Structure formats: C-alpha cells, structure tokens
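Colleague: Just the structure for this:
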Amino acid sequence: MKEKKILLLLIACSLLLSGCWDESEPERLVYANGLGVDYKDGKIILYLQIINLNGLAQTEGGGGGSTSKADVGRAEGKTMEEATFNLYHTLDRRLYWGHLSFVVLSEEAIKAGILQQAADFIDRYRETRYRMYFFATQDSLKEIMLINPIESISLAFSKFSDPDANYRQSSFIQAINLRELIIDLDEPAHQAKLPIIKLTNQWSTQDGPKKEPLIESIAVVSDHELIGILPKHIMNGARLVNKSFARDSVSLSMSSNKNTTTSVLVYDKKVKIKPVVEKDGKVRFHIKIKLNANAQTMTEKKKRKELENKLKQAIHNNIYETYHFTRKKGIDIFKLSQVLYRDNNKAWKRVQKNGEIPLEEDTIKSLSLDIQLKSSGKIKLTPLFDEEEKQ
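Modeller: Take a look at the predicted model:
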C-alpha cells in the first residue's frame, strides 16, 4: 500500500513538470559567427555572418569534406538595435548570438563613434560572451565577411574567430577581445588598439587567386574617434614590449652588402617597465627586456657575440622608432600611463591630463636589453659561427 502511494505521488509530481517545451532545439537555430559594422549616410549597416555547426562537428571529429561556407546577411538602421531587428525580419529561424566570435568595424564606423555603441550593444545582450575579437578595416566589409578559411576548415577556426593560434606562432599583432576593449576604453589612457584587416591575394586555389586576410597594422581608437593608424614598420618595436609576445622573426643586415641577410627567431621574452619620479617631479621610465634567440638563416659566418650585438641594436632601434613615432601622434603605445597609474597612483594624479601622462622625447630614461643566442636550429651540419670552427 505504501509503495502504491509513493508511485501515485511521483506520477502526480511529473504532471507538474513543464519540461523543455519552450526551448528551441539546436538544429532549429541560426548561429551568428561574425558581425561587420559600417556607417554611411547617417545609417549603421550591419553584415551578419552565419556559421554551420554541422561542418564544425565533422572537422573536430576527423571527418572530411563538408565545410561551412560563409552566408552573410545585410541590414541597416539608425541605431545598432534598429539594424539588428531589420536583419531579424529576413531570417528563417531564431538567431542565436552565443557563438559570435568576431566584430569588424569599417574606418567610417570608427570615425563616426560607433565603436563604443557597438561594444555596449553587444555587451548588454545576455547570450554573448567576452571572448569575441574586434578588428578594423579600410576594405570592403562585405568581402571580408564572405571570406572562407584556407584548407577547407570551419569558420570557427579562421583567423578572425581564433586569432590566438596564429599569434602564438608569429607574435606580431595581438587581437583584442571584448573584455580588453572595454577596459582600454574605460581606463586611462582611454585608447584601444584594433588590428586592421587587409585583403590580399597571396593564396591561390585550382580556381585561381583566393582572397585572404592580412594583419600588419593597427588602428588606435578612443570611444568616439580614430586617433591614428600605425604601419607595419612601426609595429616591429611595439610587438617586443607586448607582454603576451611568444615568438617572432627578426631580420638583420649584417654588412653593407644587401644580399647578406640573417634571420633570427626571438622567444621567451620578459619585459619590465619601472617608473621613476625625479627630483624635479618629472616622470621617466626604465624598460628592461630579456629574451632568447635562435639563428635561423645566415648567408655569411659571424661571431656569436657580433650577432647578439647586432640583434640588440636592431631591437633597440625598433623600440625607439616606435616610441617617437607614436608619441608625436599622442599615442601611448607602451601603456606607460597605465604603468604609472598602477605603480605610483599619487604621481599619476599629479601629472595626468584626461587620463594620460605627458610623453616627451626623453620619457624613456633607459632601455636595457639582455639577449642570449641559444642555438642555430635542430641540426647543425656546418659551423655557424667563426669561433666554432676553431673548437
């Protein structure tokens, strides 16, 4: 009798359960992967890239063949929200934003102050995550959103959706995610650095040239304006002070002969920036960088110490060139304002203006480089340095 009562109680309770009757099944949703934001004639133009998760599942499982191609929708409106709802009207199913991986803004959108609006709009939506990356471009947004990755891989593994994989191999320009963007815009000195996407034809398929994204410059922006664009040669110095730097190649000219070139791989970098308040109240900085290096290519034999000194001089010149170029444009590329803000807040409050400290020609008091040349590769068939022949 007791068992029957328990069974009846369980049946009665099950009738009160609602289940998942109001939830959408995964195969009945449309998944956003990328968002392009443009601005023209007083209106915001959105380009939405859709991802096919079936292709992603096959790629991860080792299956072949079925790749996800880019489908892109377009809508416009006076605000981000209006443009988004105009885009909803053209969709077949409910759009899910939880897989949104990247946002690309045109130069016109940044100049119109849309960056802050876009970041705020995306951050407020409950489905989005902070691990989405922001880029800028001066090329066609529609073409960028229609790019398919090389090697027929899923859109989820593209340079836009997963830029860290490429950065760990060649640490030239680091991507910025939503969390970092909000911090850079809200905290002193209110400057964010967006990688600039450029379309190139460096790859080809059997059908002909294939457009692929190239990232070799950055756009420095505040919440409402574009401060400046930094070209490739200026980024050579910026990368070496970035604390997330993993490894990259440095090319050296060892003599007056332009045909003699040396390629060195630098890695295991450690950087320390220390502010110093001098007697007259002026704030200056000591920068110490320690890194290891491997000689990869040498067209003529040199002594190890000579190569280390040459590498040290090249890095020294790159860093100072970057600092002076950006300083004149009002850009704090090495985040010296932030270093002082955290290390000596009292001094920062005294010298700062609108969150930024004054950067002068001698603000970098010293630059110390500790470089150790570790090896010349996996297999050494012939002596690489002059002194090794004598051993």
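Colleague: alpha carbons only for contacts and neighbour counts from here, please
Modeller: OK.
Colleague: what helix or strand is residue 324 on?
Modeller: In this assignment (DSSP states H and E), residue 324 forms part of helix 304-328.
Colleague: And whatever helix or strand comes next after that helix, what does it pack against?
Modeller: Tracing the chain C-terminally past helix 304-328 and defining elements by DSSP H and E, one meets helix 336-343 next. Under the contact definition 3 or more CA pairs under 8 Å, 6 or more residues apart in numbering; DSSP states H and E, helix 336-343 sits against strand 261-277, helix 345-351.
Colleague: Between those, which one is closest to residue 41.
Modeller: Nearest of these to residue 41, taken as CA to CA: helix 345-351 at 41.1 Å.
Colleague: C-alpha coordinates for that closest one, CSV please?
Modeller: Below are the C-alpha coordinates for helix 345-351, written out as CSV (Å, rounded to 0.1, in the frame of the first residue of the first chain):
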residue,chain,number,x,y,z
ASN,A,345,49.0,56.5,-8.4
LYS,A,346,49.9,59.6,-6.5
ALA,A,347,52.4,60.7,-9.1
TRP,A,348,50.0,59.8,-11.9
LYS,A,349,47.3,62.0,-10.4
ARG,A,350,49.7,64.9,-10.3
VAL,A,351,50.9,64.7,-13.9
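Colleague: Packing partners of it?
Modeller: With contacts defined as 3+ CA pairs under 8 Å, 6+ apart, the secondary structure elements packing on helix 345-351 are helix 336-343.
Colleague: Now do the helix it packs on and strand 261-277, the angle between them.
Modeller: Computed by axes from the mean of the first three to the mean of the last three CA atoms, to 10 degrees, the angle separating helix 336-343 from strand 261-277 equals 50 degrees.
Colleague: Start at 48, not 1
Modeller: Yes, from this point I'll number from 48; that puts the last item at helix 383-390.
Colleague: contact partners of helix 383-390?
Modeller: Residues from elsewhere that reach helix 383-390 (CA atoms under 8 Å, 6 or more residues apart in numbering): 235, 236, 320, 321, 322, 332, 394, 395, 396, 402, 403, 404.
Colleague: PyMOL command to pick out the buried ones of those residues?
Modeller: The following PyMOL line selects those of these that are buried, judged by 16 or more other CA atoms under 10 Å:
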select buried, resi 235+236+320+322+332+394+395+402+403+404
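Colleague: ok, so of the contacts of helix 383-390, who is nearest residue 214?
Modeller: Of all these, residue 214 sits closest to residue 320, with 22.9 Å by CA to CA.
Colleague: Quick check, pLDDT for the closest one.
Modeller: According to the predicted model, the pLDDT of residue 320 comes to 96.
Colleague: so how far is residue 337 from it?
Modeller: From residue 320 over to residue 337 the distance is 12 Å, taken as CA to CA, to the nearest Å.
Colleague: go on, residue 227?
Modeller: 26 Å.
Colleague: now do residue 309
Modeller: Distance check for residue 309 against residue 337: by CA to CA, it reads 21 Å.
Colleague: What is the burial count for residue 409?
Modeller: Counted with other CA atoms under 10 Å, the neighbours of residue 409 add up to 11.
Colleague: quick one: residue 86 is in a strand?
Modeller: Yes - secondary structure of residue 86 (DSSP: H, G, I helix; E, B strand; the rest coil): part of a strand.
Colleague: Outline the domain layout of the chain.
Modeller: Listed by automatic domain parsing, the domain ranges of the chain are 75-277, 280-438.
Colleague: Quick check: which of these is buried the most?
Modeller: Looking across those with neighbours counted as mean count of other CA atoms under 10 Å, the highest average goes to domain 75-277: a mean of 18.
Colleague: Mind checking the pLDDT average for it?
Modeller: Looking at domain 75-277 alone, the average pLDDT works out to 87.
Colleague: which other residues reach the helix or strand hosting residue 421?
Modeller: Assignment of secondary structure by DSSP H and E places residue 421 within strand 411-422. By CA under 8 Å, 6+ apart, the list of residues contacting strand 411-422 from outside reads 331-342, 351, 355, 359, 363.
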